[in-house]
Structure formats: C-alpha cells, structure tokens
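Student: Give me the fold of what follows.
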Amino acid sequence: MPVMRIGVDAREIQNGVITGIGRSLANFIEYFSVNEKKHKLILFSERKIPPNFNGNLEQVTIDHSPTLIWDQIRLPRALKAFQIDLFYSPYYKVPLFTNIPIVNQILDLMFLEFHQYKQEISIPRKLYYTTLGKAFAKKSISIITDSEHAKQDIIQIWSINHEKIEVIPLGLGNRYKPVNDLHLLNKVKSNLKLPDKFILYLGNFKPHKNVSSLVKAFKRLENRFLEYKLVLAGPIDKHGERIRDLVSEIGLKERVVFTNTVKEDDFPEALISLADIFVFPSLYEGFGLPPLEAMGCGTPVIASNLTSIPEVVGDAGILVNPLDIESMSQTIGDLIKEPEKRELLAKKGLERAKLFRENNTSGRLFDHIISLLEKGK
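Tutor: The predicted structure follows:
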C-alpha cells in the first residue's frame, strides 16, 4: 500500500483552547503521531497550530474567510492541491464539492432532538440542520459517533444507513485519575474557595444540563448533612445567572459555591478528586464526559438514567431519574450516609474508566480510518 495522505479539519485546536471536540481531536493526532510511521496527517486550519505535536504531520494554513466559504470553497481546493486521499472532519460539517472520501464525526443531534431546543430553534437554523446537516452526513463514506443513543438519533432523524455509522466513545484524558498530591489539592481548594465536604457538579448550565433539579434536590437536604455544600463549577453566563438566581430565591446562598469556569490549568482532576460525590443530572447527552472524568478520578457518581449516560456509567455509578427531584435528593442523602458504598462505587468507577482511556478510543478511530484507506486502495 502506498503512502496515503489523510487531511484533518484542525480548526478546533488552532487557538490552543481545548473544547470537547478539540480534546478528542488532539488525542487522535497525538496517537497518530506516535503510532503511524508510514501514512501522513495533514492538518488544515486558519492559523498555525501551537507546536504540541511531533511525528509524521504537516500543517497547512488557509486564510480566514466566512465559514461557508472556507468550508465549501477554500478547503476543497486545498484538499485537491495537497493530494489528500481521505479527509476527516471532527464535527458534522464537511466539504460537499469534492470527490475525496470523507469521514466525519457527529457527537449528537441535540439541537433537533431535545424538546426545548427544538421549540426555540429558528426556522432558518432548523432548515440548515435538516437539509445541509443531512447532506453532510450523506456525503460522508463513514460517520463516527460516540454512543449507541447518538447513532439511533442519526439513523432516525437523518435516515442514515446504520452500516455507515461507527460508534467510538470519547476518550478519557490521562490527566483524569485520582490526585493524591496534598500540595496540589490544597492549592486548588484555596484557589476555588472549596469547602471541606461537598457534592460537585461540573459542566455548563444550559437548560438540558438540568442543574436546577440538582439545586432543588439539594434544598431538600437543607436541614441534614449541614457539613456538606453543593459546588457548581461552570461558566456564569446567562444560564449560570439563572441558576444563581434560583439559589438565592430558595435560600441556599450560604450552602452553594459557584467556582465559575474551571479551565485545564485550574486542575479539574484535583477539583473532582476533592469532591465526596459527583452528580450529573443531564436530560440529554450525546455521550456524557463529566461523569466519566469523575469515575476516572475515583469519585463516586450519581447520574441521569437518560439518553447515552447509562452507556458511559454502566453499573459503576447510581443512575436516577433526573426529573424526580425527591428521588435524586434521597439518593444523594443515602450515599452521604454510606461511606462503604461510596468506596465501592469509587473502585468500580476506576475500573470502568479504564475502558475509555484515550489510547483505546484514539486507537479505534485510527484503526477505522486506516481500514477505510485500505478498502479504498
């Protein structure tokens, strides 16, 4: 088999800011650079990517332009000019006007599936997702998604053949493991103004995250377990302000700590390791990375029993109906009272997390792309 050139849309990592998609892409690029000595990876972006990667890689910058122009005109020209044999997009957008085989990644269709977002989405945006989004999926020779639940959404909403969809879970970063360094733990505790004992939520505060139900469940524990506080780690945007207003309205200001956004250099693994219990009450997830990160850090997990989350958590956490506030409150209270059960869940979570370590998932993506190249040639 001759040397093949694999193109990648690398804009998610061009600024050095690691989003969820960017983190997954960075893991894949790192895996490729270490394990592939023959075929070449060509990274296409608008700006030069920070020099975090070595190996059989090449960077190509395409001048900034409106997204549609970049995606559908400039990128296809560059793919042809650099003789790309296969193109991988880490999100649903792909160039339509090219004969080069395309693999794209679709993590979820929440904007077309979650009831509140379906009602709020504008007609032009809905038309864009239902027409162009479907066209992107049809154009691809293979679609990568991160859960069986997301796969079924893609099949049902966009009428995509199930054989075309490959389920490869998101990878758990190597940093997410129990932190025992007392100096680091104390530093993070001081920087984020954390209490001694707390229940943790980590993520954004958009409606589908259902953090309001967690706040209300914690309210029901108000006169019990007074040594525990609720820590909400996420951005104080308009959604965060809504949650902060709710906390004030129901009289929990002294029992709830807002950390604002926790960045990579804030050591989220230490924050998670300090928590007594991690609660993730989301109503919709294409995958559900935060509870997996908590399991990787050895923190017991209570999580929603909806959409893809049970696929991630399995029997290594406690699954609850996120709309049943009384049940959620009872589950949190029971787990606080049972240190032996917390210890058991911590051990089970650590074992389950091994299945999702980034080398496993990046390796599966790598093997899938190489197999497609071999079939094509």
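Student: what's the pLDDT at residue 377?
Tutor: pLDDT, residue 377: 51.
Student: who's in contact with stretch 344-352?
Tutor: 178, 294-296, 298-301, 313-318, 335 (CB atoms under 8 Å, 6 or more residues apart in numbering). Bear in mind the C-beta positions are built from the backbone N, C-alpha and C, glycine included.
Student: rerun at 7 Å
Tutor: 295, 298, 299, 300, 301, 314, 315, 316, 317 (CB atoms under 7 Å, 6 or more residues apart in numbering).
Student: Tell me how far it lies from the chain's centre.
Tutor: 20 Å (CA atoms, centre = their mean, to the nearest Å).
Student: How about stretch 93-107?
Tutor: Worked out by CA atoms, centre = their mean, stretch 93-107 lies 21 Å from the chain centre.
Student: And the contacts of stretch 344-352, which is closest to residue 53?
Tutor: residue 295 (27.9 Å; CB to CB).
Student: Now the closest one. Nearest residue, chain neighbours left out?
Tutor: Using CB to CB, 6 or more residues apart in numbering and skipping the chain neighbours, the partner closest in space to residue 295 is residue 349 (3.2 Å).
Student: Mind giving me the packing neighbours of the longest helix that the chain contains?
Tutor: Identified as the longest helix of the chain according to DSSP state H is helix 358-376. If you count contacts as 3 or more CB pairs under 7 Å, 6 or more residues apart in numbering; DSSP states H and E, helix 358-376 packs onto helix 20-35, strand 86-89.
Student: just checking, next helix/strand downstream of the shortest one?
Tutor: This means strand 86-89. Per DSSP states H and E, the first helix or strand lying C-terminal to strand 86-89 is strand 102-105.
Student: can you pull the buried residues of that following strand?
Tutor: By neighbour count on 16 or more other CB atoms under 10 Å, the buried set for strand 102-105 is 102, 103, 104, 105.
Student: Which of the contacts of stretch 344-352 fall in strands?
Tutor: residue 301 (DSSP state E).
Student: Now neighbour count too, for the contacts of stretch 344-352, in TSV please.
Tutor: Shown next, in TSV, are these (neighbours: other CB atoms under 10 Å):
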residue	neighbour count
295	31
298	20
299	26
300	26
301	27
314	14
315	10
316	23
317	26
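Student: Which members of the contacts of stretch 344-352 occur in helices, if any?
Tutor: Per DSSP H, the contacts of stretch 344-352 map to helices at residue 295.
Student: Which single one of the contacts of stretch 344-352 is nearest to residue 70?
Tutor: Distances from residue 70 to the contacts of stretch 344-352, taken by CB to CB, are shortest for residue 295, at 38.1 Å.
Student: That closest one touches residue 353, doesn't it?
Tutor: Yes. Applying CB atoms under 7 Å, one finds residue 295 in contact with residue 353, separated by 4.5 Å.
Student: since we're on residue 340, how many residues are nearby?
Tutor: As a burial measure, residue 340 scores 7 neighbours (other CB atoms under 10 Å).
Student: what does the model give it for pLDDT?
Tutor: Predicted confidence (pLDDT) for residue 340: 97.
Student: Quick check, pLDDT for the spatially closest residue to residue 240 that is not a sequence neighbour.
Tutor: Distances taken as CB to CB, 6+ apart place residue 205 nearest to residue 240, at 4.6 Å, with adjacent residues excluded. The score at residue 205 is 95. That number is its pLDDT.
Student: Does residue 205 belong to a helix, a strand or coil?
Tutor: Using DSSP: H, G, I helix; E, B strand; the rest coil, the structure places residue 205 in coil.
Student: Just say helix, strand or coil for residue 319.
Tutor: strand.
Student: going forward can the numbers begin at 38, since that is how I track them
Tutor: With 38 as the first residue, the last one maps to residue 356.
Student: Once you drop chain neighbours, what's closest to it?
Tutor: In space, residue 356 is closest to residue 342, 4.0 Å off (CB to CB, 6+ apart).
Student: Tell me which residues are up against the worst-scoring helix or strand of the chain on mean pLDDT.
Tutor: The helix or strand of the chain with the poorest confidence is helix 152-157; it has a mean of 76 (mean pLDDT, DSSP states H and E). Contacts to helix 152-157, defined as CB under 7 Å, 6+ apart, come from residues 147, 148, 149, 244.
Student: Repeat that for stretch 331-343.
Tutor: 209, 213-215, 306, 309-310, 312, 314-321, 328, 346, 350, 353-359, 368-369, 372, 379, 382-383, 386-387, 389-390.
Student: Quick one, which of those are buried?
Tutor: By 16+ other CB under 10 Å, those give 209, 213-214, 306, 309-310, 312, 314-321, 328, 346, 350, 353-357, 359, 368-369, 372, 379, 382-383, 386-387, 389-390 as buried.
Student: can you tell me which of the residues you listed are in strands?
Tutor: Filtering the buried ones among the contacts of stretch 331-343 for strands - DSSP E - leaves 314, 315, 316, 317, 355, 356, 357.
Student: before we move on, back to that, ok, and the most crowded of the contacts of helix 152-157?
Tutor: Going by other CB under 10 Å, residue 147 tops those with 18 neighbours.
Student: what separates the nearest residue to that one once chain neighbours are set aside from residue 45, distance-wise?
Tutor: Nearest residue to residue 147, sequence neighbours excluded (CB to CB, 6+ apart): residue 321, at 5.4 Å. Distance of residue 321 to residue 45, given as CB to CB, to the nearest Å: 28 Å.
Student: Give me the mean pLDDT for stretch 175-187.
Tutor: 95.
Student: Please enumerate residues in contact with that stretch?
Tutor: Outside stretch 175-187, the residues that reach it (CB under 7 Å, 6+ apart) are 131, 133, 138-145, 174, 188, 191, 197, 201-207, 323-324, 344-345, 348, 402, 409.
Student: How far away from the center of its chain is that stretch?
Tutor: 16 Å.
Student: Could you pull out the buried residues of that stretch?
Tutor: Under 16+ other CB under 10 Å, the buried positions of stretch 175-187 are 177, 179, 180, 181, 182, 183, 184, 186, 187.
Student: Okay then, goodbye and thanks.
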